[in-house]
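Chemist: Sequence and computational prediction follow.
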Amino acid sequence: MLATAPARAAALGVLLLLAAVPAPASAARPGVLEPLAGPGACITVDPAVAPGCRVGRGFGNPSGGAALSPLRDVLAVPQGTGPDVALVRRDTWLGRLRQAAGPSGCLTTTRDDPRRTTSCRPVRGIAATAEAVAWGPRGRTLFVVSDTEPIPEGAASGLVALAVLERAPDGALRQPDGPAGCVASAPLEDCAVVPSLGRRFVVNPYGIRQSYAPTASVSLASGDRDVYVGGSSLTLLRRAPGAGWRAAGCVGPTAADGCAAAAPAVDLSAPRWTAGGRVGIAVAVAEGPSPVDSPSAVVSVRRDPATGALSPALASCWAGPALPGCRRDRRLSSSVPGDGVALTGRASVLVGSAPTSYGLPPGPDVPFSVAALRLGDDGALRPVAHGCVSSTARRGCVRDRRLSGPSSLGVSASGRRVVVASGDGALVVLRRDGRDRLRPLVHRAACSGRGCRGPWAWPQQVLVPGGDRNAYVLSSSTADTGTIAGFRLR
């Protein structure tokens with residue numbers, strides 16, 4: 001999502017055709033992404049863009065907030081430009097994908113919205129745009145966070161909502177009645193109300209009211225007892241027995257809505273938590289000339305495992321540009337996408353970054369990078385020497401001109417393979433060793449030769465399930481042409 005519109009012109013068709021055609025035998029060397037073959041190798045909402053793929057619905061423009069269940073059998077994919085959430089089944093042995101027909105195959109809002117898919121199951125607590133999902137332990141609970149963007153004229157803030165669904169033993173999702181089933185920043189249906197979830201806004205250069213946070217986000221710690229929703233503030237939610245959800249803490253740019261202030265952020269993403277849940281890694285967006293030209297940093301936040309409370313003081317902050325309260329890491333560019341941060345093992349953090357300006361096209365002289373940092377027991381982050389791959393010549397980095405606009409990082413369970421979704425429609429595989437040093441292995445273009453056609457498209461998210469056998473690439477375009485392609489990770 002960081003690349004320019006012309007840069008997104010890498011055609012989606014061949015990336016998906018690759019997912020339906022066996023790779024040559026020579027491609028079976030370590031690090032190669034070998035496209036899955038046969039039925040279920042890929043699934044798309046537009047067969048004209050990805051012929052040969054199964055046809056699905058409810059994920060026309062996936063936003064990068066998709067998540068695979070802990071059992072690795074269901075992939076929940078938010079629509080990104082509408083109120084739907086697709087539920088795609090995954091064969092845990094072959095890796096193939098399929099979507100059930102009827103209401104069991106997707107979720108949508110109960111409200112009147114022209115973008116909703118009427119064959120999906122209506123769920124309370126989904127606002128105009130489904131942005132991200134998170135699964136509870138063993139896949140027993142699914143959380144869906146949604147918002148309104150742009151913020152409607154006359155509104156004090158943008159609506160953010162969280163829908164809660166529980167998974168029955170037969171796999172069916174059921175929503176608890178009343179406020180236990182959803183929470184929102186303003187009155188919405190019969191959801192619990194937590195004002196700090198709301199998104200503050202600015203007026204961008206085009207006169208549109210917009211928040212700095214690219215999307216709302218959600219993460220869990222201590223099982224599903226503590227739910228964190230990121231956006232204009234980072235809010236801790238807890239379920240009160242018999243009374244729905246309540247706010248148990250909040251960190252934001254100001255003390256509004258009872259939040260503790262945390263510089264330099266005007267927006268904080270939901271953190272990725274370490275195994276013990278004491279420290280989380282998040283993206284902090286700082287105030288810039290406009291929401292599309294706002295610098296960001298990677299930060300670590302401390303959490304009390306007993307209460308779930310967040311420390312308002314950031315444990316560590318690193319940024320490419322000079323930001324108040326942050327240390328500079330010149331390997332990083334000015335913007336870190338929300339899905340450009342990966343936590344591997346106990347103490348390793350990988351960060352993808354790119355320039356903030358949407359007017360800057362990808363090219364050999366544009367600084368895109370993936371850098372490694374080490375997380376200490378005190379929650380502090382420290383750059384790793386030689387743990388960097390960059391598209392331009394940078395000290396301490398291995399140069400790879402093929403890296404362009406990392407929008408998402410997918411890391412294998414062993415942590416040895418890192419799949420980078422680039423903004424020019426390409427996939428880059430990196431090797432990570434035990435000392436967090438990074439080296440490029442393979443580059444596979446999204447468009448090469450015949451079949452390069454279709455709308456502008458670019459990979460938005462990479463998911464690598466446990467077991468290191470598969471990788472899934474979620475792509476989309478300016479139209480509703482979302483596609484999920486499966487690969488075998490060698």
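Modeler: Sure thing, it's come through.
Chemist: Could you tell me the end-to-end distance of stretch 85-99?
Modeler: Counting by Cα to Cα, to the nearest Å, you get 12 Å between the two ends of stretch 85-99.
Chemist: Ok, stretch 332-347 next?
Modeler: End to end - Cα to Cα - stretch 332-347 spans 19 Å.
Chemist: Would you check the distance separating it from the middle of the chain?
Modeler: Distance of stretch 332-347 from the chain centroid (Cα atoms, centre = their mean, to the nearest Å) equals 11 Å.
Chemist: My read is that Arg330 contacts Arg395, right?
Modeler: Yes: using Cβ atoms under 8 Å, Arg330 makes contact with Arg395 at a distance of 7.3 Å. Every C-beta, even on glycine, is put in place using the N, C-alpha and C of the backbone.
Chemist: Of these two, which one has the most company?
Modeler: Between Arg330 and Arg395, Arg330 has the larger neighbour count (other Cβ atoms under 10 Å), namely 15 against 8.
Chemist: can I assume Gly379 is in contact with Cys317?
Modeler: No: assessed by Cβ under 8 Å, Gly379 is found out of contact with Cys317, at 11.2 Å.
Chemist: between these two, what contacts are shared?
Modeler: Both Gly379 and Cys317 are in contact with Ser300, where contact means Cβ atoms under 8 Å, 6 or more residues apart in numbering.
Chemist: Show me which of those two is the more surrounded one.
Modeler: Neighbours were counted for Gly379 and for Cys317 using other Cβ under 10 Å; Cys317 has more, 23 against 19.
Chemist: The more buried one belongs to a helix?
Modeler: No: counting by DSSP: H, G, I helix; E, B strand; the rest coil, Cys317 is located in no helix; its state is strand.
Chemist: thought it was touching Ala297?
Modeler: Yes: judged on Cβ under 8 Å, Cys317 makes contact with Ala297 at a distance of 5.3 Å.
Chemist: Just the buried residues of stretch 303-315, please?
Modeler: Neighbour-count burial for stretch 303-315, counted by 16 or more other Cβ atoms under 10 Å, picks out Arg303, Gly308, Ala309, Leu310, Ser311, Pro312, Leu314, Ala315.
Chemist: Quickly list what's touching both of Arg330 and Arg395.
Modeler: With Cβ under 8 Å, 6+ apart, Arg330 and Arg395 have no common neighbours.
Chemist: Low-confidence regions, the stretch 201-350 of the chain specifically.
Modeler: By pLDDT under 70, the low-scoring segments of the stretch 201-350 of the chain are 201-215, 242, 253-257, 262-266, 287-293.
Chemist: now the helices for the stretch 51-200 of the chain?
Modeler: In order along the chain, the stretch 51-200 of the chain carries no helices (DSSP state H, counting those that start in this stretch).
Chemist: confidence score at the closest residue in space to Leu71 that isn't next to it in sequence?
Modeler: Closest residue to Leu71 apart from its sequence neighbours, by Cβ to Cβ, 6 or more residues apart in numbering: Gly139 at 4.8 Å. Predicted confidence (pLDDT) for Gly139: 90.
Chemist: and if you look at Thr81?
Modeler: In this model, Thr81 carries a pLDDT of 84.
Chemist: which ones are touching Glu166?
Modeler: Counting by Cβ under 8 Å, 6+ apart, Glu166 touches Arg140, Thr141, Leu142, Leu173, Arg174, Gln175, Pro176.
Chemist: Pairing partners for it in the sheet, please.
Modeler: The partner list for Glu166 in beta bridges (DSSP bridges) reads Thr141, Arg174.
Chemist: any idea how far Leu236 is from it?
Modeler: Plainly put, Glu166 is 20 Å away from Leu236 if you go by Cβ to Cβ, to the nearest Å.
Chemist: And Ser196, by the same measure?
Modeler: Distance from Ser196 to Leu236, by Cβ to Cβ: 9 Å.
Chemist: residues near the closest residue to Thr110 other than its chain neighbours, how many?
Modeler: The shortest distance from Thr110 to any non-neighbouring residue, by Cβ to Cβ, 6+ apart, is to Pro122 (4.3 Å). The local packing of Pro122 (other Cβ under 10 Å) involves 15 other residues.
Chemist: so who does Pro122 touch?
Modeler: Leu107, Thr108, Thr109, Thr110.
Chemist: ok, 10 Å please
Modeler: Shown in contact with Pro122 (Cβ atoms under 10 Å, 6 or more residues apart in numbering): Pro83, Pro103, Leu107, Thr108, Thr109, Thr110, Arg111, Arg116, Gln175.
Chemist: List the beta-bridge partners for it.
Modeler: The partner residues for Pro122, given DSSP bridges, come to Thr108.
Chemist: rewinding a little: with respect to per-residue confidence, which of the contacts of Glu166 is lowest?
Modeler: Among the contacts of Glu166, pLDDT bottoms out at Arg140, giving 91.
Chemist: number of nearby residues for it?
Modeler: 17.
Chemist: Without its sequence neighbours, what residue ends up closest to it?
Modeler: Arg167 (5.3 Å).
Chemist: for Asp329, same thing?
Modeler: Closest to Asp329 by Cβ to Cβ, 6+ apart is Trp318, at 4.6 Å.
Chemist: do the same with Phe487
Modeler: Using Cβ to Cβ, 6+ apart and skipping residues adjacent in sequence, the residue nearest Phe487 is Leu33, 4.2 Å away.
Chemist: Can you report how many residues lie near that neighbour?
Modeler: For Leu33, the number of neighbouring residues by other Cβ under 10 Å comes to 27.
Chemist: quick one: it from Val462, how far?
Modeler: Per Cβ to Cβ, Leu33 is found 10 Å from Val462.
Chemist: Quick check: neighbours shared by the two?
Modeler: By Cβ under 10 Å, 6+ apart, the residues touching both Leu33 and Val462 are Val419, Leu427, Ala471, Val473, Phe487.
Chemist: In strands, which of these fall?
Modeler: Counting by DSSP state E, these place Val419, Leu427, Ala471, Val473, Phe487 in strands.
Chemist: Would you agree the last one is in contact with Tyr472?
Modeler: Yes: the pair formed by Phe487 and Tyr472 meets the contact definition of Cβ atoms under 10 Å, at 7.4 Å.
Chemist: so what sits against both of the two?
Modeler: Ala19, Leu36, Cys42, Gly95, Val419, Val462, Val464.
Chemist: residues touching Val301, list them.
Modeler: Counting by Cβ under 10 Å, 6+ apart, the residues that Val301 touches are 228, 234, 251, 262, 268, 271, 273, 278-282, 284, 310-317, 379.
Chemist: Just give me the neighbour total for the nearest residue to Ser63 once chain neighbours are set aside.
Modeler: Counting by Cβ to Cβ, 6+ apart, Ser63 lies nearest to Gly80, which is 3.3 Å off, once chain neighbours are set aside. Residues lying near Gly80 (other Cβ under 10 Å) number 26.
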